[in-house]
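Colleague: Please find the sequence and the predicted model below.
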Amino acid sequence: MDAQLAAQVVVLASFYSLVGTGYVLVYRASRVLNFANGELMMLAAYFFFSLAVLGQRLLPLTVLMALVLAAVLAAVIYLATVRPMTGYPVFSVVLMTVGLAIVLRGIAELVWRAQARYPLEALHLPNRPLTLPAGVTITAVEAAEVGAAIAFIGGILAFLRLAGIGVQMRAAADHPVLASQRGINIHLAFALSWGLAAVAAGIAGLAFAANVRLEPNIAEQGLRALAVPLAGGLTSIPGTVIAALIVAASENLAVRYADPLLAGVVPYFVILAFIVLRPWGLLGEKEELERV
Amino acid sequence: MRRILALLVVALLAGACGGGEEAVRPGASPVPSGEPYNVGAVAAITGPVASTYAPFTEGFRLYIRQLNARGGINGHPVNLVVKDSQANPSVAGALAKELVESNNAISVVMLGPSSNILPVLEQAKSAGAAVLSSTGCIDQQAPPDPDPLLFCTPLLAAGIGSHMATVVEYIAQQGGPGARVFLSALDIPSSRAIVEDATRRLQAKGLDARMVVVPNPPPPDLAPLARQGIDFGAQWGTGGAPEEATLALFQALQRQGWRGTWIGDPPLGYDDILERFKSDQFLTFFGVYPLAERKPFHGELEAAAREFGSAFPLPRLMYGWALGFMVESALRQCGWPCDRAKFQQAMNNLEVDYGAAGIWPAGAKLKFTPTDHIGQRYYRLYKWDGATNRIVPVGPWYRVEHTGKREVTVTTVGQQ
């Protein structure tokens, strides 16, 4: 694999890892496969665009505000739609997220219309190509995306392991009844999981919008990334990262050495392969299989 | 809480999916009081390709609104009913049926991907209503034996053979034999057919042309595809894919340091695209005068957008506005009363003076005949000029005309 190809794999894997982490965080907390994850990704990017249009010119602050808005929205969605469904079959909640995805996309089309937007231009910022050693070229946004993916995923792993609320989130995810009896506010923990999931997906959305374009349909890229947590294990963030590298490498190799059209098929081929060979995913838990 | 949420959802869905009738707006001009001309439109204003078709539809609506505001056609308003197909062929067909049966539409305007044309035609045909496909065209519209009820009306593109004819002509002239051209298509039948046709034409002219097909929907990162173009040594790039796929590929090429020139096909003829890139690497053909040329029709469009409101940038409304001008011409030629048969007859002999309207160069007209439902198109290449910070033309207008299904003639019409 040449250096340019390797760089492309890392960039794409960063995108998939972030979106995949969004799926995992929600699934771990509430056992819900959130089909609106791509829409949350898209909305975070629209918040970013709107803040830029409204005159917010300081990039770090714009990014931060957009991600906070996305997190708050996700937490509110949890409290307003998922929490009231406590006790319903998981299947019902998953179906609800399908409906939620349709509604969120409809809202985006109504509010921002269906035209393509370019947030970086609203901020008057260029997306310059960076030439790295070995002649590798990636853009500034792609470099930032890789850095953000490493920082966020590393940070979230540390947070879940070391921070008090992070440990409570894990406890609530592992055994909600016991956690509740120990005085943990499980709904706060779940809402926080939804919020962090929106931040993960949101970083990917911002990067995609800044690098390519922004329109309601970028939510489909989120659905496409579902292959990654399914392959990596729906409860495992490290598994998601490894699966993201596998899917990204498969896509890039297929385009380079076979047919570009395979790029659209590869993620689903990876899902099929894992369903046959290791249905619980790379680092997932076998006991979760029934729920999936 | 649940009830409020449910009501909100219902309201939003109704807003997103519902169609709408153009109200006849009272204004300073005489309010049309006669019976209306009923025109239906099946438009992909939401769904996967909405970013292309929603603004197009909006431009069309704006034209009809200002037409009604200035008195309609001899006192008869145009009652335009727009229904959202979401680009789904079966939905588009069902809506066309509804328009001709329930709304009594004398004609159905189809604003969506080419895959929606035939389902709409099938339903409209049963009622004898003409279909104006306004964003893409297919071989069934080309001479010498077009479908009697199917007309190709967009100015941003025409038939498969003519879609990239000007691009081929320009690259062949500038690049010369042996020049390497990288072409992209989206993995949908119309885009593949258009780009395969252009690739063959370039190869026939002695150029080294290579086509790549972008998966549909496009993957998040087109860098691997762009790499193929760079490895190929492409000096020129072009494509017949929808905007998002084409521009994403050009950007991916740019990001990898490509130094060639991209020639955009006419569906990329929008001021905002050139203004966005501000690059001497990206030139594109326009099917109407760009907004930068400040022709009278731009002023009328701007005034209508201000009066009636529009969420879309003006350049994106131009082609829909031009469609409105064509529909008005057809209705005027149909006269009153105008039924489906008379409207079809009017379309068969339609003459649209786009030159007089300042939409095309002076003297340029679009004419349909019973054996030609595509007619002529005029295209001109424009680029961003960094020295003057404005959009400027590159060379003369090209006149493109179908002589057969995929046979075209391309002539220049002099500097305008």
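Modeller: Perfect, I can see it now.
Colleague: only C-alpha atoms for contact and neighbour calcs from this point on.
Modeller: Noted.
Colleague: near chain A, which residues of chain B show up?
Modeller: Proximity of chain B to chain A (CA under 8 Å from any CA of the partner chain) is limited to residues B:9, B:12-13, B:15-16, B:45-48, B:50-52, B:54-55, B:187, B:212-221, B:223-225, B:228, B:244, B:248, B:251, B:254-257, B:276, B:311-312.
Colleague: Please pick the buried ones from those residues.
Modeller: B:9, B:12-13, B:16, B:45-48, B:50-52, B:54-55, B:187, B:212-215, B:217-221, B:223-225, B:228, B:244, B:248, B:251, B:254-257, B:312 (16 or more other CA atoms under 10 Å in any protein chain shown).
Colleague: So which of the residues you listed sit within strands?
Modeller: Within these, residues falling in strands by DSSP state E are B:V212, B:V213, B:V214.
Colleague: can you point me to the longest helix in chain A?
Modeller: Using DSSP state H to define each element, chain A has its longest helix at helix A:3-30.
Colleague: Now do the host helix or strand of B:V181: which elements does it pack against?
Modeller: Following DSSP states H and E, one finds B:V181 within strand B:180-186. Applying 3 or more CA pairs under 8 Å, 6 or more residues apart in numbering or on different chains; DSSP states H and E, we find strand B:180-186 packed against helix B:189-204, strand B:208-214, helix B:223-232, strand B:236-239, helix B:243-255.
Colleague: Parallel or antiparallel, list what pairs with the shortest one.
Modeller: I take that to be strand B:236-239. Paired strands of strand B:236-239, with direction, are strand B:180-186 (parallel), strand B:261-264 (parallel) (DSSP bridges).
Colleague: between those, which gets nearest to A:L12?
Modeller: With CA to CA, the closest approach to A:L12 among the strands paired with strand B:236-239 belongs to strand B:180-186: 20.6 Å.
Colleague: Averaged pLDDT, the closest one. What do you get?
Modeller: For strand B:180-186, the mean pLDDT works out to 95.
Colleague: Let me see the ranges of the strands in the stretch 251-400 of chain B.
Modeller: In order along the chain, the stretch 251-400 of chain B carries the following strands (DSSP state E, counting those that start in this stretch): B:261-264, B:282-286, B:351-352, B:366-367, B:376-385, B:390-402.
Colleague: partners of the second one, with directions?
Modeller: Put plainly, it is strand B:282-286. In the sheet, strand B:282-286 lines up with strand B:261-264 (parallel), strand B:376-385 (antiparallel) (DSSP bridges).
Colleague: Mind checking the pLDDT average for it?
Modeller: On average, strand B:282-286 scores 97.
Colleague: same check, this time on the fourth one
Modeller: Per-region confidence: strand B:366-367 scores 96 on mean pLDDT.
Colleague: Alongside chain B, which residues does chain A contribute?
Modeller: A:5, A:8, A:12, A:103, A:106-107, A:109-110, A:113-116, A:121, A:128-129, A:137-139, A:208, A:212-213, A:215, A:217, A:221, A:252, A:255-256, A:260-264.
Colleague: now, which of these lie within helices?
Modeller: Per DSSP H, the subset of those in helices is A:5, A:8, A:12, A:103, A:106-107, A:109-110, A:121, A:208, A:221, A:252, A:255-256.
Colleague: so which residue of the stretch 151-292 of chain A comes closest to chain B?
Modeller: A:L261 (4.9 Å; CA to the nearest CA).
Colleague: nearest residue to A:V167 other than its sequence neighbours?
Modeller: A:L160 (5.5 Å; CA to CA, 6 or more residues apart in numbering or on different chains).
Colleague: residue contacts, that neighbour?
Modeller: Counting by CA atoms under 8 Å, 6 or more residues apart in numbering or on different chains, A:L160 makes contact with A:G166, A:V167, A:M169, A:R170.
Colleague: For the second one, give me the pLDDT.
Modeller: We note a pLDDT of 90 for A:V167 in this prediction.
Colleague: That one sits in which helix or strand?
Modeller: Going by DSSP H and E, A:V167 is in helix A:164-174.
Colleague: How far does that helix sit from its chain's centre?
Modeller: From the chain centre to the centre of helix A:164-174 is a distance of 20 Å (CA atoms, centre = their mean, to the nearest Å).
Colleague: could you say what helices and strands that helix packs with?
Modeller: helix A:3-30, helix A:140-162, helix A:176-181, helix A:186-211.
Colleague: neighbouring contacts of that helix?
Modeller: If you take CA under 8 Å, 6+ apart as the criterion, helix A:164-174 is touched by A:28-30, A:159-161, A:178-180, A:184, A:186, A:189-190, A:193.
Colleague: Looking at those residues, which gets the smallest pLDDT?
Modeller: If you rank the contacts of helix A:164-174 by pLDDT, A:S30 sits at the bottom with 81.
Colleague: Please consider this matter closed, and thank you.
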